[in-house]
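In: Kindly generate the corresponding structure for this input.
(one chain, ligands or ions: 2)
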Amino acid sequence: MAGLAKAMTIAGSDSGGGAGIQADLKTFHQLGVYGTSAITAITAQNTKGVAGVYPLPTEAVSQQMNEVLSDIGTDAAKTGMLFHAEIIEEVAKQIRHFEVTKLVIDPVMIAKGGAKLLQDEAITALRNHLLPLAEVITPNLPEAAYMTGLLIETPEQMREAAKVIHQMGPRHVMMKGGHLQDDAIVDILFDGRDFYEFAHKRIHTRHTHGTGCTFSAALTAELAKGTSLVHAVERANRFIIEAIKTAPQIGGGHGPTNHWAVIDYM
Ligand SMILES: Nc1ncnc2c1ncn2[C@@H]1O[C@H](COP(=O)(O)OP(=O)(O)O)[C@@H](O)[C@H]1O
Ligand SMILES: Cc1ncc(COP(=O)(O)OP(=O)(O)O)c(N)n1
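Out: Numbers count the residues shown, from 1 in each chain. Ligands and ions are numbered 1, 2, ... in the order given. Model (predicted):
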């Protein structure tokens, strides 16, 4: 196991196991990467929604990062649910201190059922402190719309929003198109100059809980292994499509995707 790639997730716990820390660690494992975590908040949720959110003290988040990064280290990291500004500022401080350069930011704001996973005023901290440290940010359409104030309903509008978000400091913007009102989905990557498009057909299913977390975790795992960004996005895309297609039928609401998904490069 010498040379095993390592990835860290800094995110909230989903008791239902489909999103958050649980989705990230399962995905890292499936893609052959050693996963570590810093939990920011505990949520009580299942496939039907989020019943409770309990943020951890900022010191607890900071200490988890310190213990992991000072000993085990990491080849890449991702952030998910960060909940409030103080946690964001502390996470940014630790990312800078430990010089984590392959940072994926999934700007988690609202769960599918409508529960708030990021406080309104925390968006400024996300922009000022974390975005400039990101190798790539992975907003879905509502998150990108909130960050830019733009209406985003078409691929052309996704490209315009990607340009605006790129100005906020991340090196790349990965616009996820799962919320397009169309059977043809396109995810769009922007590197500040060129656009790379990943088009695929919508899978009709209600089992899409945690798609954003699972996609960004797969992307982080690939970056940790040293895969180039465009190829990492392409592989993460294939992984999430297979995970949605083969979703286990779990729970009475929006069930999780299949974190055991197998794609041919593995
Ligand atoms: N029904 C679906 N069929 C196929 N791909 C999907 C579907 N829903 C989401 N995806 C893919 O899952 C990933 C996450 O997308 P999205 O749903 O936009 O994020 P989030 O879960 O953060 O809202 C993207 O790669 C998107 O294309
Ligand atoms: C703890 C926690 N983190 C993130 C989410 C949202 O995950 P996401 O992948 O955006 O999936 P949906 O909520 O849209 O299904 C969460 N629910 N819980």
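In: make it CA atoms for all contacts and neighbour counts henceforth
Out: Noted.
In: How about stretch 172-189 and ligand 2, touching?
Out: No - Stretch 172-189 lies out of reach of ligand 2 by CA under 6 Å from any ligand atom, never closer than 9.7 Å.
In: and that stretch, which residues are buried?
Out: Judged by neighbour count using 16 or more other CA atoms under 10 Å, the buried positions of stretch 172-189 are 172-178, 180, 185-189.
In: what's the average pLDDT for that stretch?
Out: Confidence for stretch 172-189, expressed as mean pLDDT, is 97.
In: Show me how far that stretch is from its chain's centre.
Out: Between the centre of stretch 172-189 and the centre of its chain there are 14 Å (CA atoms, centre = their mean, to the nearest Å).
In: How about stretch 35-54?
Out: With CA atoms, centre = their mean, you get 14 Å for stretch 35-54.
In: same thing with stretch 138-145?
Out: With CA atoms, centre = their mean as the basis, stretch 138-145 stands 11 Å off its chain's centre.
In: Just the CA atoms of that stretch, as PDB, please.
Out: Extracted in PDB, the C-alpha atoms of stretch 138-145 (Å, rounded to 0.1, in the frame of the first residue of the first chain):
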ATOM      1  CA  THR A 138     -18.400  23.000  -7.800                       C
ATOM      2  CA  PRO A 139     -21.700  25.000  -7.500                       C
ATOM      3  CA  ASN A 140     -25.100  23.600  -8.600                       C
ATOM      4  CA  LEU A 141     -27.300  26.100 -10.400                       C
ATOM      5  CA  PRO A 142     -29.200  27.500  -7.300                       C
ATOM      6  CA  GLU A 143     -25.800  28.000  -5.600                       C
ATOM      7  CA  ALA A 144     -24.300  29.700  -8.600                       C
ATOM      8  CA  ALA A 145     -27.400  31.900  -8.900                       C
END
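In: Is it in proximity to ligand 1?
Out: Yes - interface with ligand 1: stretch 138-145 contributes N140 (CA under 6 Å from any ligand atom).
In: One more: stretch 151-163?
Out: No - Stretch 151-163 does not reach ligand 1 (CA under 6 Å from any ligand atom); its nearest approach is 11.6 Å.
In: Pull out the buried positions in that stretch.
Out: In stretch 151-163, counting by 16+ other CA under 10 Å, buried: I152, E153, P155, M158, R159, A161, A162, K163.
In: before we move on, the earlier item: and which of the buried residues of stretch 172-189 is nearest to ligand 1?
Out: G178 (3.2 Å; CA to the nearest ligand atom).
In: Next to ligand 1 in this structure, residues from the stretch 151-266 of the chain, please.
Out: Neighbours of ligand 1 within the stretch 151-266 of the chain, by CA under 6 Å from any ligand atom: 176-179, 185, 187, 202-204, 210-212, 215, 237, 240-241.
In: sorry, back to before: the buried residues of stretch 172-189 into TSV, with extra columns for secondary structure?
Out: TSV is the format used below for the buried residues of stretch 172-189 (DSSP: H, G, I helix; E, B strand; the rest coil):
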residue	secondary structure
H172	strand
V173	strand
M174	strand
M175	strand
K176	coil
G177	coil
G178	coil
L180	coil
I185	strand
V186	strand
D187	strand
I188	strand
L189	strand
